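Chemist: from the sequence below, what's the structure:
(one chain, ligands or ions: 1)
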Amino acid sequence: MTEAYDLVMDCDDAVDPGSDYRGPAQIGIADGRIAAFAPELPPHSAGRRIDARGKTVCPGLIDFHVHVYEWVTNFGLHPDEAGVHSGATTIVDQGSSGAWTVGGFDAYIAQPAETDVRAFVSANLAGALKGGMEGTTLHNPGMMRIEAIAEAAAAYPRLVKGIKSHGESGGLSHWGLEVLKMAVEAGERTGLPLYVHTGELFPVDETNRPDPAGVLEQVVPALNPGTTLAHVYSTMPDGIMGAGGEVPRIVHEALDRGIHFDIGHGVNFSFDIARRMMAEGVLPNTISSDVHSDFHAYHDDSRLDYSLCGAMSKLWALGMDLADVVKRATLNPALILGEENEIGTLAPGSRADLTILDLAEGCWALTDSMGEELVVDRRLVPGTVFREGREIAPDRRLLRDVCPPEMRAAA
Ligand SMILES: [Zn+2]
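Modeler: Purely as a prediction, here's the structure:
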């Protein structure tokens, strides 16, 4: 008897990081799941066929750092605009909600979204209601309750996949490592991984400003293996590279201890720092966007000029192999979420979340946060995505960095 699939996709360039496979493939989808994945499927019937030849087919992209608590935080995007409409089938909100506000995040953001939305809850109770603003009001030790994080994690096991904290000059100047250490304890208590922001963010007590070069030296020893440090190629003087010309020794020590780095592109990504760190083997475990609206306006995304596909295109342009780029935006974040059998893979049995990437050709300038241009002749543009086997055409409204206006939906 021949197999019957709802949909079969014919690919000449399928990338499956889980099995280290890149090449021609046929993907059979049934009941919203990948039923078969092989270079050539045995004789079968298909309710529908999709010809994806000439494009790159990968597991649905996972954007490990977004901000989508729209309207509750001042800087949240719509989850589907950051998600499926930007080519990502799963997105992870980093710290917009906290234990007191995660119920609303579940009911009003995660549940209604077409995108698979997960959250790292903020170490503070309220969440990052004002982005990097009001840091001393919202993120001080009085706003921390380990017990509340544990309760939130128990109440929303599918949603809450980690804890977001900070290791930067503002917090250190006011309360040292107190909040970070409580976040680490909450991680140990719940078994959840931590995601730690780096680079000055909160207002600094200038009478107690830490030496920028010493910030990472303080932060890294407090962290457990499996923690992710964000913004690896950022220009911030108290960030991972710092202001010196050399990669600090502590960066290599962190890698040796099993600490991961994430791109978290955001507003401080630098080609120059990326080149220097990549040359020394300091690579991101995950590639993520850190997309958000303006910190200083309310609900205003008009100046957003970076994205997950843009960050992936940049790493690709800087010399990372495309399969490696895909792995860092699929399998690697899935492993941190503990969802590697479900997403980030093309393995039979997993959820039929896929992203079809156009390797768009033509001269295009990719720009970093310093305004440096990198002129490329190809870049990654999300063509079609599938969520549990359902086809979605991304509107790409926010993809200013990889799409000309005619390829993007109007605001
Ligand atoms: Zn962020």
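Chemist: quick one: low-confidence ranges for the stretch 251-400 of the chain?
Modeler: Of all residues in the stretch 251-400 of the chain, none has pLDDT under 70.
Chemist: did I read that right, A107 in a strand?
Modeler: No: in this structure, A107 is helix, not part of a strand, as judged by DSSP: H, G, I helix; E, B strand; the rest coil.
Chemist: distance-wise, check it relative to Y156.
Modeler: With the distance defined as Cβ to Cβ, to the nearest Å, A107 ends up 10 Å from Y156. Glycine gets a C-beta too; all of them are placed from N, C-alpha and C.
Chemist: if you count surrounding residues, which of the two has more?
Modeler: Legend: neighbour count by other Cβ atoms under 10 Å for A107 and Y156, higher for Y156 (20 against 10).
Chemist: separation between the more buried one and E340?
Modeler: From Y156 to E340 the distance is 20 Å (Cβ to Cβ).
Chemist: before we move on, what about I392?
Modeler: From I392 to E340 the distance is 23 Å (Cβ to Cβ).
Chemist: how about V68?
Modeler: Counting by Cβ to Cβ, the gap from V68 to E340 is 23 Å.
Chemist: of the two, who's got more company?
Modeler: Neighbours per residue (other Cβ under 10 Å) separate V68 from E340, with V68 holding more: 31 against 20.
Chemist: contacting residues for the closest residue in space to the more buried one that isn't next to it in sequence?
Modeler: Leaving aside its sequence neighbours, V68 sits nearest to P79 (Cβ to Cβ, 6 or more residues apart in numbering; 4.2 Å). By Cβ atoms under 8 Å, 6 or more residues apart in numbering, P79 lies in contact with V66, V68, E70, I91, D93, I109, A110, A113, T115, V117.
Chemist: ok, and what's touching the longest helix along the chain?
Modeler: Looking across the chain with DSSP state H, the single longest helix is helix 178-190. Here helix 178-190 makes contact (Cβ under 8 Å, 6+ apart) with 123-124, 139-141, 144, 146, 149-150, 153, 162-163, 165-167, 171, 192-194, 196, 219, 222-224, 227.
Chemist: and the angle from the next helix or strand after that helix to helix 178-190?
Modeler: Counting by DSSP states H and E, the next helix or strand C-terminal to helix 178-190 is strand 194-198. Interaxial angle, strand 194-198 versus helix 178-190 (axes from the mean of the first three to the mean of the last three Cα atoms, to 10 degrees): 160 degrees.
Chemist: and strand 194-198, how far out from the chain middle?
Modeler: Distance of strand 194-198 from its chain centroid, counting by Cα atoms, centre = their mean, to the nearest Å, is 12 Å.
Chemist: how's the protein carved up into domains?
Modeler: Listed domain ranges for the chain are 3-58+350-364+378-407, 61-337 (source: automatic domain parsing).
Chemist: endpoints of the last one, how far apart?
Modeler: It refers to domain 61-337. Here the two ends of domain 61-337 are set 13 Å apart, with distance taken as Cα to Cα, to the nearest Å.
Chemist: the first one now?
Modeler: As for domain 3-58+350-364+378-407, its first-to-last residue distance stands at 38 Å under the measure Cα to Cα.
Chemist: mind checking the SS state of the most centrally placed residue in the chain?
Modeler: The centre of the chain sits closest to F64, judged by Cα atoms, centre = their mean, with a distance of 2.1 Å. Assigned with three-state DSSP, F64 falls in the strand class.
Chemist: what sits against it?
Modeler: With Cβ under 8 Å, 6+ apart, F64 has these contacts: V92, Q94, T228, D262, T286, I287, S288, A329, P333, I336.
Chemist: ok, A352 - how many residues close by?
Modeler: By the criterion of other Cβ under 10 Å, A352 has 25 neighbours.
Chemist: could you measure from it over to Y5?
Modeler: Taken as Cβ to Cβ, the span from A352 to Y5 is 10 Å.
Chemist: who touches both of the two?
Modeler: I29.
Chemist: neighbouring contacts of stretch 292-308?
Modeler: 61, 63, 66-67, 70-71, 74-77, 86-88, 130-133, 265-267, 269, 287-291, 329, 367, 369, 398-402, 411.
Chemist: what is the burial count for P203?
Modeler: 17.
Chemist: sorry, wrong one. I was asking about M182.
Modeler: Neighbours of M182 (other Cβ under 10 Å): 19.
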